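Colleague: got a predicted structure here, sequence first:
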Amino acid sequence: MGSCKSPHVVLLLYVLVCFVYQSFAFGVDTNQTAKLLVDASEASGRPISETLFGIFFEEINHAGAGGLWAELVSNRGFEAGGPNVPSNIDPWSIIGNESSLIVSTDRSSCFDRNKVALRMEVLCDSQGASSCPDGGVGIYNPGFWGMNIEKGKTYSVVLYVRSSGSINVSVSLTGSDGLQKLAAANIIASGSEVSNWTKVEVMLEAQGTNSNSRLQLTTTRKGFIWFDQVSVMPMDTYKGHGFRKDLVEMLEDLKPQFMRFPGGCFVEGEWLRNAFRWKETIGPWEERPGHFGDVWMYWTDDGLGYFEFLQLAEDLGTLPIWVFNNGISHTDQVDTSSVLPFVQEALDGLEFARGNPNSTWGSLRAAMGHPEPFDLRYVAIGNEDCGKKNYRGNYLKFYSAIKRAYPDIKIISNCDGSSRKLDHPADLYDFHVYTDAKNMFSMAHQFDHTSRSGPKAFVSEYAVTGRDAGTGSLLAALAEAGFLIGLEKNSDVVEMASYAPLFVNANNRRWNPDAIVFNSSHLYGTPSYWVQCLFNESSGATIFNATLQTNSSTSLLASAISWKNSENENSYLRIKIVNFGTNIVNLKILVEGLEPNSINLSESTKTVLTSTNLMDENSFNEPKKVIPNRILLEKAGEDGEDTEVAISPHSFTSIDFLMESSFIRTTGADSVSVSSV
């Protein structure tokens, strides 16, 4: 993320701008007029990058641990308190008191890379003077601010257990106070069966629904019991690969052409010792040590690891972009003379993704259930490291080694090449921008004068931030829509763009705003998310020259593209207009380069994103307060000519004109006036 280096300076002018915005009523009488001239001839059309719009996932805001990754247990291996014992087992808690139970940690686990296990000394018994309380004693885990358990759904509980004697352990899913029992089963075993670490799997079908549930492990039998690697996974994950279904379906609707992962500052770490290291995140989940993400300050078990990111990209039908550490964190860095082990780690990671199943690392991928290589074509060497002392030297070591081994892979530099030529080789350069709304809207012209030769831009992180953004405002979304129109128009030099951050768990807001907000059971898209949805057909489309003619407004931006609906094979001319001003604009659209009657107005549509207040946001209570509203494009006149489209103040409008057939002229310029109110 852009802010992990330094806070962004918000322009003082923005306060005045916000005041002016909100001083105007939406129902003003003063209308403006404008014309949009679109040259839809074949000669005018330019192809937009096939990969223009995608997504960027970072482990921030509990986006993965407690979010996209469907694991319901937090700190499942008891490792979050560190490798020393005794250790903090938070958020696990004890059921019982000191007279009935003593809970501690020791380093007795059967897993070499995560040795901490939980030890329960049960002092009470099922009968006698020291009988256990009703329901038994033990431990419980509330998950990530409550487990969402739904009636009729099945949950797989996996745990490792050993004991000094026979056991009878109740495994149950309950309400947050332990009283409402949603599902339960008993693990009964003789001492000989659990004298060594034993894996147990229990399938629980929920008999009730509670979005604030917890897992309980309880017993009424005296003795010593050890637990480790306790997992609860819903069985209805996305394509059976462990991803929370409703969250991934929100990503599907964006139709992303790429997925950048796993960060962001998460890749760098405050210190290198806490950076994301891919080799620690592969193999059986029980054997992954996990790590503390010291930038965003929480523990992750790394169930969502390098393999899972590649799998998710494949499941979404999109291209993975792997960002790896280049020997640089926020605080320490490796000298270029010593960086070769980091280079080899990156090469090993590429072999894991792309190597044949008989190769050293490719064989491990195959053992994880994916013998075929993943389609990894892009890598980014570091994140936001351009200004650091060793970046260029380290970068060149990585660049040379990767190009020798994988000449087809496109390599992304952290250095900005939009205003000056890079001093090192790269296939793309990274461009990040977090700013206020007015500046973001003006940045529609950021790449107008960028050199048309050399590496192309990857705008991998952009968003309106600060007071303009709130936790996801209409104002922010409109400014971003204007910026994206600028990227469309400059798609000859901008190859990719993605909003950031993608997700936020409402219980752990480390950054505002975010595209998708969720808790254990609900989710919604911010206005910025819906703006991205309205650009989801742009990748691979054709963009035409579109010229606005207005003598009063500088608050309009527009683009024109043609695209084909893959579901019904219909072709459309899409006009997108951002009105960043306070007045209604009566817009006349004139299209050149089409045969007469080539546009079917009766089946054309208009989609508008707006609201009654610039700072309106969506919420769990009002998840659809600010969402696009799609209607048929009504004709004002019988012939559909000499009419206008009324563009609301503070709005983003997308108009899809249905094309009867392929009427694009190669030459000529008959004009078709298409508009409506």
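Modeller: Ah, there it is. Numbering: from 1, shown residues only.
Colleague: okay, now the domains of this protein?
Modeller: Domains of the chain are assigned by the TED database as 32-48+541-659, 54-68+251-535, 93-234.
Colleague: can you give me the strands for the stretch 301-450 of the chain?
Modeller: 319-324, 378-381, 410-413, 428-435 (DSSP state E, counting those that start in this stretch).
Colleague: to residue 604, which of the ones you listed lies closest?
Modeller: strand 319-324 (32.3 Å; C-beta to C-beta). Every residue, glycine included, has its C-beta placed from N, CA and C.
Colleague: state the mean pLDDT of that closest one.
Modeller: Averaging pLDDT along strand 319-324 yields 98.
Colleague: now do it: which elements does it pack against?
Modeller: strand 258-261, helix 306-316, helix 340-354, strand 378-381 (3 or more C-beta pairs under 8 Å, 6 or more residues apart in numbering; DSSP states H and E).
Colleague: quick one: closest of the domains of the chain to residue 80.
Modeller: So among the domains of the chain, domain 54-68+251-535 is nearest, using C-beta to C-beta, at 3.8 Å.
Colleague: now find how far off-centre the closest one is within its chain.
Modeller: From the chain centre to the centre of domain 54-68+251-535 is a distance of 10 Å (C-alpha atoms, centre = their mean, to the nearest Å).
Colleague: where in the stretch 1-150 of the chain is pLDDT low?
Modeller: 1-30 (pLDDT under 70).
Colleague: quick one, strands of the stretch 1-150 of the chain?
Modeller: Under DSSP E, counting those that start in this stretch, the stretch 1-150 of the chain gives strands at 31-39, 46-47, 55-56, 93-95, 101-106, 117-122, 137-141, 147-149.
Colleague: nearest to residue 194, out of these?
Modeller: Between those, strand 117-122 lies closest to residue 194; by C-beta to C-beta that is 13.0 Å.
Colleague: and the angle for that closest one with strand 101-106?
Modeller: Angular relation of strand 117-122 and strand 101-106 on a 0 to 180 degree scale: 160 degrees, by axes from the mean of the first three to the mean of the last three C-alpha atoms, to 10 degrees.
Colleague: what lines up beside strand 117-122 in the sheet?
Modeller: Applying DSSP bridges to the sheet, strand 117-122 is found paired with strand 101-106 (antiparallel), strand 223-234 (antiparallel).
Colleague: can you list contacts of it?
Modeller: 78, 89, 92, 100-109, 132, 137-139, 219, 221-228 (C-beta atoms under 8 Å, 6 or more residues apart in numbering).
Colleague: can you redo the domains of the chain as TSV with mean neighbour count and distance to residue 242?
Modeller: TSV is the format used below for these (neighbours: other C-beta atoms under 10 Å; distance: least, C-beta to C-beta, whole Å):
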stretch	mean neighbour count	distance to residue 242
domain 32-48+541-659	18	25
domain 54-68+251-535	21	7
domain 93-234	18	7
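Colleague: could I get those domains as JSON lines with distance to residue 244?
Modeller: Compiled in JSON lines, the domains of the chain are given as follows (distance: least, C-beta to C-beta, whole Å):
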{"stretch": "domain 32-48+541-659", "distance to residue 244": "16"}
{"stretch": "domain 54-68+251-535", "distance to residue 244": "6"}
{"stretch": "domain 93-234", "distance to residue 244": "8"}
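Colleague: which stretch in these has the least confidence?
Modeller: domain 32-48+541-659 (a mean of 89).
Colleague: tell me where the protein has helices.
Modeller: All helices of the chain, identified by DSSP state H, fall at 13-23, 245-254, 265-268, 306-316, 340-354, 360-367, 391-405, 437-442, 474-489, 527-533.
Colleague: what would those look like in a markdown table with distance to residue 212?
Modeller: Listed next are the helices of the chain as a markdown table, based on distance: least, C-beta to C-beta, whole Å:
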| stretch | distance to residue 212 |
| --- | --- |
| helix 13-23 | 37 |
| helix 245-254 | 17 |
| helix 265-268 | 28 |
| helix 306-316 | 27 |
| helix 340-354 | 39 |
| helix 360-367 | 38 |
| helix 391-405 | 46 |
| helix 437-442 | 36 |
| helix 474-489 | 31 |
| helix 527-533 | 25 |
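Colleague: quick one: closest of these to residue 276.
Modeller: helix 265-268 (5.3 Å).
Colleague: and residue 580, how far from residue 436?
Modeller: 13 Å (C-beta to C-beta, to the nearest Å).
Colleague: for residue 609, same thing?
Modeller: From residue 609 to residue 436 the distance is 20 Å (C-beta to C-beta).
Colleague: please apply the same query to residue 67.
Modeller: 28 Å.
Colleague: out of the strands of the stretch 1-150 of the chain, which comes closest to residue 353?
Modeller: Comparing the strands of the stretch 1-150 of the chain by C-beta to C-beta, strand 55-56 comes nearest, at 18.3 Å.
Colleague: helices or strands up against that closest one?
Modeller: strand 258-261, strand 494-499.
Colleague: in a markdown table: those, plus distance to residue 356.
Modeller: Converted to a markdown table, those look like this (distance: least, C-beta to C-beta, whole Å):
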| stretch | distance to residue 356 |
| --- | --- |
| strand 258-261 | 24 |
| strand 494-499 | 28 |
